[in-house]
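S.K.: Build the 3D model from these lines:
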Amino acid sequence: MKKDQEIFQERLNHHHDELRWLYTELYHNDDMFAELCDQMYQYFTARRRALKNRDLEREKNPDWFRQKDMLGMMLYIDAFAGNLKGVKKKLPYLEELGVTCIYLNPIFEAHANHRYNTANYLKADPLLGTNEDFAALCAEAKKHGIRIILDGVFSHTGSDSRYFNREGRYGDGGFDSGYVGGYRSWWGFETLPEVEEEDPSYGNFVCGKGGVIDTWLGLGASGFRLDVADELPDDFIEKIRAAVKAHGEDKLLIGEVWEDATTKEAFDHRRTYLRGHGLDATMNYPFRNAAVAFARGEDASAVGEQIMSICENYPKPALDCAMNFLSTHDTERGITAIAGEPANGRDRYWQSKRMIPGDRIDDALRRVLLAYAMLYTLPGVPCVYYGDEIGMQGYRDPFNRAYFDWNSTERRLRVPLTNLARLRRSCDAGGSQRRCAALPPRGEGAGRGDYPEQRPAPDCPHRLWQADRSKPRRLYHPGRR
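M.R.: This is a model prediction of the structure:
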């Protein structure tokens with residue numbers, strides 16, 4: 001049986017590149033980095049000794065992992081999030097919040113906690129559970145009216161994988177140390193070797209019978225979100241679509257595209273994502289940028305132009321199921337982007353120390369609620385990034401990916417977000433002359449201090465009002481049209 005030191009050294013070796021990258025702006029010499037590794041070893045061994053009581057301890061103390069290194073940064077060697085059974089346990093909470101679909105970041109076996117360095121596309125990461133656990137989650141979610149969308153990372157795999165096998169974890173074969181000049185990797189990250197998407201064998205592995213798409217949709221998934229869709233060839237996306245739709249036309253294929261997907265150019269030509277034979281929809285970063293800008297008090301006419309540009313350019317089916325959000329794992333959290341001090345390229349150490357001052361939180365929550373009200377009432381499907389409903393803050397990775405505090409009593413966003421979801425289900429927004437209030441009546445929760453009064457922040461110069469839905473949407477300054 002391996003000793004703790006051996007196990008830790010193996011895991012440290014597998015994570016070494018990510019750790020070096022994460023701390024490059026903080027640890028400028030080998031002595032400091034060695035001291036960090038020693039701290040992580042002490043933490044690792046202590047955690048293993050308490051492994052049998054881990055789940056109980058986490059229930060009692062969700063701050064269990066928040067041990068700090070010598071610069072006040074949390075120790076960052078292992079995943080500290082939940083698992084598939086934990087998601088299943090919280091389905092009633094998500095149903096109450098109005099959730100009808102869960103998009104999960106990668107769940108496939110991998111050897112970094114972000115799991116974008118896939119090690120085995122056909123197996124759930126053991127830290128999260130088993131394939132059977134995933135099937136059970138999907139079956140239980142269906143009872144709550146909730147579907148599960150998975151993250152498909154098909155432009156690259158992991159260097160420590162059964163496909164590339166640079167570390168030799170998966171037996172003989174794979175990586176050839178004699179590669180002249182190295183190998184092509186995603187944006188230069190050596191742990192993310194790129195694949196040949198147009199190779200017939202790879203296409204069949206992903207899209208064929210018994211392949212990746214077929215396996216996970218067969219277990220109960222309702223679709224895929226394609227990571228870096230703008231870096232995937234159109235023909236490959238169309239093959240993925242065919243594999244997804246083979247399980248039913250209601251299965252969804254959504255792509256990560258940060259710009260207007262109808263005007264996006266890559267591979268020396270305009271992409272064909274939304275012409276009916278590729279993606280069903282995309283992540284709606286343009287709406288996110290507009291909502292954040294509006295809530296920050298920026299020019300309303302520019303915001304209106306940005307929103308209307310997407311509404312005019314996108315085919316109606318793609319617009320109606322576009323993924324609208326304020327936060328993702330790749331952006332600052334919405335509340336930080338709206339009310340926090342701009343990072344302006346500052347390093348992670350600066351970001352780790354910044355929070356919105358307590359006397360500005362109420363104003364920040366009002367602005368976030370205004371932005372969410374926009375997304376819940378504009379075309380598309382609103383998406384709440386975990387923790388946004390309790391006002392979680394955070395700049396970019398890793399600060400936007402902290403654990404969810406189940407002991408939080410913050411309800412000033414959770415209650416109105418629940419009511420906005422109820423509003424979407426109950427309001428027939430398609431009827432002419434019908435007006436949909438952007439916020440619920442003050443009745444529910446009134447007098448309990450559950451959420452802010454329904455008015456903009458005092459210094460926010462804009463109002464959003466949507467009159468007849470059959471006419472173009474207008475953004476008004478108060479007292480001016």
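
S.K.: Rounded mean pLDDT for stretch 277-286, please.
M.R.: Averaging pLDDT along stretch 277-286 yields 95.

S.K.: now it, how far from the chain's geometric center?
M.R.: Centre-to-centre, stretch 277-286 and its host chain are 15 Å apart (C-alpha atoms, centre = their mean, to the nearest Å).

S.K.: end-to-end on that stretch?
M.R.: In terms of C-alpha to C-alpha, to the nearest Å, the two terminal residues of stretch 277-286 are separated by 23 Å.

S.K.: Residues in contact with it: which ones?
M.R.: Under the contact criterion C-beta atoms under 8 Å, 6 or more residues apart in numbering, stretch 277-286 has outside partners 223, 225-226, 229, 234, 237-238, 241, 252-261, 272-274, 306-307, 309-310, 317-319, 321-325, 328, 380. (Each C-beta comes from the backbone N, C-alpha and C, glycine too.)

S.K.: Out of those, which sit inside helices?
M.R.: In this view, those that belong to helices under DSSP state H are 234, 237-238, 241, 306-307, 309-310, 317-319.

S.K.: and the contacts of stretch 277-286, which are buried?
M.R.: For the contacts of stretch 277-286, a neighbour count by 16 or more other C-beta atoms under 10 Å gives the buried set as 223, 225-226, 229, 234, 237-238, 241, 252-258, 260-261, 272-274, 306-307, 310, 318-319, 321-325, 328, 380.

S.K.: so where's the protein uncertain?
M.R.: The chain contains residues with pLDDT under 70 at 1-5, 7-8, 11-12, 14-32, 43-81, 176-181, 429-481.

S.K.: Which residue ranges of it form strands?
M.R.: Using DSSP state E, the strands of the chain run over 101-103, 108-110, 118-124, 147-152, 223-226, 252-255, 265-266, 269-270, 281-282, 323-325, 381-383, 463-465, 474-476.

S.K.: Just name the most buried of these.
M.R.: Among these, strand 281-282 has the highest mean neighbour count (mean count of other C-beta atoms under 10 Å), at a mean of 28.

S.K.: Sheet partners, orientation included, of it?
M.R.: Strand 281-282 pairs in its sheet with strand 252-255 (parallel), by DSSP bridges.

S.K.: Could I get the CA-only coordinates of the partner strand as PDB?
M.R.: Taking Å, rounded to 0.1, in the frame of the first residue of the first chain, the C-alpha atoms of strand 252-255 are listed here in PDB:
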ATOM      1  CA  LEU A 252     -29.800  20.600 -26.900                       C
ATOM      2  CA  LEU A 253     -26.500  21.600 -28.400                       C
ATOM      3  CA  ILE A 254     -25.200  24.900 -27.200                       C
ATOM      4  CA  GLY A 255     -21.800  26.400 -28.000                       C
END
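
S.K.: So what touches it?
M.R.: With C-beta under 8 Å, 6+ apart as the criterion, strand 252-255 contacts 149, 222-226, 229-230, 237, 240-241, 244-245, 261, 273, 278-283, 321, 323.

S.K.: Next: stretch 102-110.
M.R.: 84, 87, 94, 114-126, 128, 134, 141, 146-151, 153, 158, 161, 225, 227, 323, 329, 383.

S.K.: hang on, the earlier thing: would you list the ones in helices among the contacts of stretch 277-286 in JSON lines and tack on distance to residue 420?
M.R.: Listed next are the ones in helices among the contacts of stretch 277-286 as JSON lines, based on distance: C-beta to C-beta, whole Å:
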{"residue": "234", "distance to residue 420": "36"}
{"residue": "237", "distance to residue 420": "32"}
{"residue": "238", "distance to residue 420": "35"}
{"residue": "241", "distance to residue 420": "31"}
{"residue": "306", "distance to residue 420": "22"}
{"residue": "307", "distance to residue 420": "18"}
{"residue": "309", "distance to residue 420": "24"}
{"residue": "310", "distance to residue 420": "20"}
{"residue": "317", "distance to residue 420": "23"}
{"residue": "318", "distance to residue 420": "23"}
{"residue": "319", "distance to residue 420": "19"}
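
S.K.: closest to residue 167 among those?
M.R.: Nearest to residue 167 among these is residue 237, at 30.8 Å by C-beta to C-beta.

S.K.: For residue 185, give its distance to residue 194.
M.R.: Taking C-beta to C-beta, to the nearest Å as the measure, residue 185 falls 6 Å from residue 194.

S.K.: okay, and the common contacts of those two?
M.R.: Common neighbours of residue 185 and residue 194 (C-beta under 8 Å, 6+ apart) are residue 156.

S.K.: quick one, helices of the stretch 51-200 of the chain?
M.R.: For the stretch 51-200 of the chain, the helices defined by DSSP state H, counting those that start in this stretch cover 54-60, 84-89, 91-97, 131-143, 200-207.

S.K.: Please save the CA atoms from the fourth one in PDB.
M.R.: What follows is the C-alpha trace of helix 131-143 in PDB, where atoms were taken according to Å, rounded to 0.1, in the frame of the first residue of the first chain:
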ATOM      1  CA  ASN A 131     -21.500   6.600 -14.500                       C
ATOM      2  CA  GLU A 132     -24.300   4.900 -12.500                       C
ATOM      3  CA  ASP A 133     -24.400   7.900 -10.100                       C
ATOM      4  CA  PHE A 134     -24.800  10.200 -13.100                       C
ATOM      5  CA  ALA A 135     -27.600   8.100 -14.500                       C
ATOM      6  CA  ALA A 136     -29.300   8.200 -11.100                       C
ATOM      7  CA  LEU A 137     -28.900  12.000 -11.000                       C
ATOM      8  CA  CYS A 138     -30.600  12.400 -14.400                       C
ATOM      9  CA  ALA A 139     -33.400  10.100 -13.400                       C
ATOM     10  CA  GLU A 140     -34.100  11.900 -10.200                       C
ATOM     11  CA  ALA A 141     -33.700  15.300 -11.800                       C
ATOM     12  CA  LYS A 142     -36.400  14.400 -14.300                       C
ATOM     13  CA  LYS A 143     -38.800  13.800 -11.500                       C
END
